[in-house]
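Peer 1: here's my sequence, what's the structure:
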Amino acid sequence: MSAKDRDSFLDSRRTLKMARSPETYIRGTTKLFYEWLDRCSQFIPEGPAVWICGDCHLGNLGALADRDGEVAVQIRDFDQTVIGNPAHDLLRLGLSLASAARDSDLPGVTTARTLEALIAGYEAASLESEASTPHLHQPKDIRKLLKHSIHRRWRNLAMESFQTKHPLLPRNKRFWPLHRAERAAVLALCKERELREIVMGFEKLTANDRKVLDAAYWIKGCSSLGRLRCAVLVRDGKHGAVSLLDIKEAVPAAAPSAFEARMPRDYAERVVAGAKALSPNLGDRVVASKVMDKAVFVREIAPQDMKIEIDRLAGHEIQAIARYLGGVVGHAHGRQMDGQDWRSWTNELERERRKNLHAPSWLWSSVVELLSIHDKAYLEHCRQFALAHH
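Peer 2: Numbers count the residues shown, from 1 in each chain. Presented below is the predicted three-dimensional model:
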């Protein structure tokens with residue numbers, strides 16, 4: 001398949017994927033979110049300029065292992081990361097939670113209480129310990145996620161990703177052959193010294209000790225479809241351990257950055273800097289590089305890495321998850337501020353929160369408007385897709 005044919009197919013695949021549900025559509029339309037924000041930013045409180053996720057929805061938080069195998073729930077995707085307004089992450093996550101509440105057929109008052117719980121958890125985040133605030137009141141679904149994550153091993157990751165326990169990338173609808181030039185560039189990248197810094201247990205290995213078992217184009221995600229993305233299996237020649245590397249093209253962020261923010265100009269280096277600031281478990285095992293002059297970032301996918309999957313929830317369950325994730329995001333933001341800046345920022349949010357029984361007025365009104373905009377865009381997207389495939 002030529003590059004042009006591949007891009008055309010992936011664009012069609014992305015269109016289909018985004019038509020599956022309103023929540024999937026929200027995840028795949030970060031640009032639509034920031035187009036609205038560009039028109040309405042004057043209604044959003046301005047927090048201290050820190051690294052933010054930029055695309056902080058439910059699917060972009062989950063369990064992440066550190067280099068010692070310890071697991072914590074942190075932000076797990078940084079394509080849109082910038083130094084910006086922390087309120088943008090709260091708003092993006094609030095929109096995602098509100099959409100999940102509606103998908104669970106929960107009443108509107110539950111959505112209001114969910115947003116209230118999100119802010120309350122964010123304000124209560126402890127800056128001293130990664131685990132203290134988020135882990136004090138772990139919801140049932142989070143406990144199950146972490147318990148499952150801790151016990152996962154390579155065979156679980158392989159079966160989930162490849163449908164086989166063998167260290168092999170099958171050629172199917174998810175894994176395609178790389179073009180010749182792409183494959184040569186990926187293999188050259190895997191010999192670089194920096195990869196030893198991100199692959200768990202490979203720090204002391206030389207290039208000769210690492211063997212690339214296979215590499216393929218990876219059809220994964222939604223917003224990333226159409227960009228260069230590769231899966232690579234690497235074996236430790238001394239001990240036989242196999243690792244899965246994810247090579248992903250970095251692109252310009254749609255999220256607005258703070259005025260005069262100092263960020264790396266290289267897109268991949270920006271992603272790495274954001275990951276290190278917000279999610280140490282992931283930041284310590286991701287590096288920036290190049291593949292055919294394209295900026296890419298490379299990370300090892302650990303068996304313990306799992307995203308949060310939410311199906312249908314009761315009202316009290318989604319409120320508990322909202323409070324918990326508010327604490328996770330609050331800690332990620334707050335660790336970048338000194339105590340005075342954090343207190344000033346959370347005090348501002350607290351003042352806004354007291355004016356309304358259920359949620360800060362700016363958060364509630366913004367989420368309601370964004371839901372309406374995304375609903376209309378989603379239905380139009382589905383209509384256009386149906387017409388095109390009639």
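Peer 1: rest of the way, CA atoms for contacts and neighbours
Peer 2: Noted.
Peer 1: residue 63 in helix, strand or coil?
Peer 2: strand (DSSP: H, G, I helix; E, B strand; the rest coil).
Peer 1: am I right that it is in contact with residue 145?
Peer 2: Yes - contact criterion CA atoms under 8 Å: residue 63 and residue 145 qualify, at 7.3 Å.
Peer 1: show me which of those two is the more surrounded one.
Peer 2: More crowded of residue 63 and residue 145, by other CA atoms under 10 Å: residue 63, with 24 against 19.
Peer 1: what's the spacing between the more buried one and residue 142?
Peer 2: To residue 142, residue 63 is 9 Å away according to CA to CA, to the nearest Å.
Peer 1: hmm, back to that, spell out which residues are contacts of both of residue 63 and residue 145.
Peer 2: Taking CA atoms under 8 Å, 6 or more residues apart in numbering as the criterion, residue 63 and residue 145 both touch 306, 308.
Peer 1: I'd like the distance between residue 288 and residue 56.
Peer 2: Distance from residue 288 to residue 56, counting by CA to CA: 21 Å.
Peer 1: one more: residue 217?
Peer 2: 26 Å.
Peer 1: comparing the two, which residue is more hemmed in?
Peer 2: Taking other CA under 10 Å, residue 217 and residue 56 do not tie; residue 56 has more neighbours (27 against 21).
Peer 1: just the element for that one, please.
Peer 2: Per DSSP states H and E: residue 56 is located in neither a helix nor a strand.
Peer 1: now for it: which residues touch it?
Peer 2: 75, 89, 90, 92, 93.
Peer 1: ok, 7 Å please
Peer 2: 89, 92, 93 (CA atoms under 7 Å, 6 or more residues apart in numbering).
Peer 1: one more: residue 270?
Peer 2: By CA under 7 Å, 6+ apart, residue 270 lies in contact with 263, 264.
Peer 1: just to be sure, residue 299 is in a strand?
Peer 2: Yes - using three-state DSSP, the assignment for residue 299 is a strand.
Peer 1: what's the burial count for it?
Peer 2: Residue 299 is flanked by 21 other residues according to other CA under 10 Å.
Peer 1: how many neighbours does the residue nearest to residue 313 when sequence neighbours are not counted have?
Peer 2: Closest residue to residue 313 apart from its sequence neighbours, by CA to CA, 6 or more residues apart in numbering: residue 104 at 5.9 Å. The local packing of residue 104 (other CA under 10 Å) involves 16 other residues.
Peer 1: thought residue 310 was touching residue 104, still the case?
Peer 2: No - counting by CA atoms under 7 Å, residue 104 stays clear of residue 310, with 9.5 Å between them.
Peer 1: quick one: mean pLDDT for the host helix or strand of residue 349?
Peer 2: Here residue 349, judged by DSSP H and E, is contained in helix 339-354. The pLDDT scores in helix 339-354 average 84.
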